[in-house]
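Q: for reference, the sequence and a predicted model appear below.
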Amino acid sequence: MASSDVQIDARAYRAAADWHAAWLVGMGLCAAFWPAPPYTDLNLALTAAAAPGLAGQLLRWRRGWWAKSMVIAAWPLGVAVALGLSGGLTGPLTVLALAPAAAMTALDGRKFIALGVALTLASIAVVALADSVGLNDTLVAAGPWLPLAVTAIEAVGLAAALQLARAHASERVAARTEEADGLRSLLDAGPSLMLRLDAAGMIREVFCGAPEDWDVDLAGRPFDGLADEAGRAATREALDVMHRTGSASVAFAPPLAPDRYFEVELRGIGRGEGLAVVRDASRQRAHEAALVQAKADAEAVALTKSRFLANMSHELRTPLNAIIGFSDIMRSKLFGPLSERYAEYAGLIHESGGHLLDLINDVLDMSKIEADRFSLSLEPFDAREAVSSALRLVRVQADTARIGLRGALPPQPLEVTADRRAIKQIVLNLVSNSLKFTPTGGQVNVVAREKGGELEIIVADTGVGIAPADLERLGKPYEQAGGADQRAQGTGLGLSLVRAFAELHGGVMVIRSVLGEGTAVSVRLPVLDLQARTPEPPATPEPPPRLAVAGDNVIAFNPHR
């Protein structure tokens, strides 16, 4: 119940209690001073007529149906007793039979008038029944003034009750009007257009005004007429869904502005009617379209870049190979002696050219992969050969950095059908990364083995490890970890190429690391040729290499000795 209704009810209860107090005073004065003895029955009759006024004082402290019920029951009882003691329907107090109607009018306005009439008739019927059996055959003489006084009191009471009923009704109407106006003002100030629809889908009320692209007067129009031709069928279907389930949603463009876009939420509100909340989603739709277009543009730019670099493979490699070849001739002094300084310069040129060629090869390989132009050259071979070849290439680098480099390969062949260069590149990139992040005196270990019918390559080191925040980024192109000096040694493509080569073979790459303790990268590839394997000769099995584990993270490789 609204607060205004509570306040109105409280005032109505107090007014009804005041009316009953006035009735109590008026009839009580008559009982006390008029008529004088020996008419004691008449005094008692007036006292019984005043009793309902005393019962009405209960309304000052208690509210609710039980308090009203007590007052309602007091009126026919008091009137019946008063008429019975004063000679019945032929006595001087016959007019009291109308008192319940006046009391019910004061109690709750027009709602209880019918009840008051019923109580009046009930009182008359009870007294008439008593008259018919001779219970009220005593003639009571009171003179003409007492009936006139009682009639006057009752007339004033009825007039006051009617005035109270009218005041309460006006007050309730005013409160309802004020609440309705406040609610309409609130709806009109809302950000969305709201429409009240009847059971046939016609617009009956409009709140918050129509968008500028629509007609101002929407009341009386069919709701599906607000949509363009393409959206009308969907709008009618949404109305049907709302009638069945109580809610629905639909979106459409207005016929006069096809570039606009509106989203509508439908809710059933009873009696087949509905409420439609219309939200202008044009900006949101345009923003989403702009984001989609921006994403497409960015992807197109990235694809164009990748295709450009892939197409530049020959133009970049040819002159660089010439530089490396000529510097190698000069360093080898094939055409005669060179001074020590020139020989040193030739060696630096050859070394720098080789490093640059490696970087260019990584960039070009990644560009081809991103442009979907990289194709695997599958062939059968022993994976141990590719791993051993890669280890020989980085042996000098490991010895120079005074880092232990060990490989653990099985005695039997690992026959695979894969891209030999990709397998070799996987090992080279992983070992190079481990050497880069492992301090002097550390250890890098490489394992190639069969596991679960797949080729597994593991490279584990005792280096600085990778922070969790960096671990989430690694494996994406051009993402690097470590300090500035370590980032300067590469392009951030090593791990991304390993992951790309693994995925091209249908495999996966997993990185496990603990900061300050080490990193282990495992690559599993479903490339083993199980039919080409030869049975292993019986021999005393050598314990397999072991990986030291801390929690869920592999941190270092400890080979069996």
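A: On my side now, so go ahead. Predicted, not measured: the structure shown is a model, and the values here were computed from it.
Q: so which bits of whichever strand or helix holds Gln425 are buried?
A: When elements are assigned from DSSP states H and E, Gln425 belongs to helix 420-436. Of the residues in helix 420-436, those buried by neighbour count under the rule 16 or more other CB atoms under 10 Å are 420, 422-436. Backbone N, C-alpha and C define where each C-beta goes, glycine included.
Q: pLDDT (mean, whole number) over the very next helix or strand once past that helix?
A: Under the assignment DSSP H and E, the closest C-terminal helix or strand after helix 420-436 is strand 443-451. Across strand 443-451, pLDDT averages out at 93.
Q: contacting residues around strand 443-451?
A: Judged by CB atoms under 8 Å, 6 or more residues apart in numbering, the contacts made with strand 443-451 from elsewhere in the structure are 383-384, 387, 391, 398, 403-410, 414, 427, 430-431, 434-435, 438, 455-462, 524, 528, 544-545, 556-559.
Q: return the set of buried residues in it.
A: When burial is assessed from 16+ other CB under 10 Å, strand 443-451 yields the following buried residues: 443-450.
Q: can you check stretch 450-470 too?
A: Across stretch 450-470, burial judged by 16+ other CB under 10 Å covers 450, 454-466.
Q: what of stretch 385-396?
A: Using 16+ other CB under 10 Å as the burial criterion, the residues of stretch 385-396 that qualify are 386-388, 390-391, 394.
Q: for Ala248, name its beta-bridge partners.
A: Leu266 (DSSP bridges).
Q: in this structure, spot the helix with the most residues.
A: helix 145-188 (DSSP state H).
Q: and that helix, what does it pack against?
A: Under the contact definition 3 or more CB pairs under 8 Å, 6 or more residues apart in numbering; DSSP states H and E, helix 145-188 sits against helix 3-33, helix 99-108, strand 203-207.
Q: again, 6 Å this time
A: Packed against helix 145-188 by the contact rule (3 or more CB pairs under 6 Å, 6 or more residues apart in numbering; DSSP states H and E) you find helix 3-33, helix 99-108.
Q: tell me which other helices or strands the next helix or strand after that helix touches.
A: Towards the C-terminus, the helix or strand next in line after helix 145-188, according to DSSP H and E, is strand 193-197. Using 3+ CB pairs under 6 Å, 6+ apart as the contact test, the elements touching strand 193-197 are strand 203-207, strand 273-280.
Q: after the shortest one, next one along is what?
A: Read in the C-terminal direction, the helix or strand following strand 203-207 is helix 229-245, with elements assigned using DSSP H and E.
Q: elements contacting that next one?
A: Other elements packing on helix 229-245 under the criterion 3+ CB pairs under 6 Å, 6+ apart are strand 247-252, strand 262-270.
Q: how about the first one as PDB, C-alpha atoms only?
A: Think strand 247-252. Output of strand 247-252 as PDB, limited to C-alpha atoms (Å, rounded to 0.1, in the frame of the first residue of the first chain):
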ATOM      1  CA  SER A 247       7.600 -11.300 -22.400                       C
ATOM      2  CA  ALA A 248       9.300 -10.900 -25.800                       C
ATOM      3  CA  SER A 249      11.800  -8.800 -27.600                       C
ATOM      4  CA  VAL A 250      12.100  -7.500 -31.200                       C
ATOM      5  CA  ALA A 251      14.300  -5.000 -33.100                       C
ATOM      6  CA  PHE A 252      13.500  -3.100 -36.300                       C
END
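Q: for it, the distance to its chain's centre please.
A: How far strand 247-252 lies from its chain's middle: 19 Å, per CA atoms, centre = their mean, to the nearest Å.
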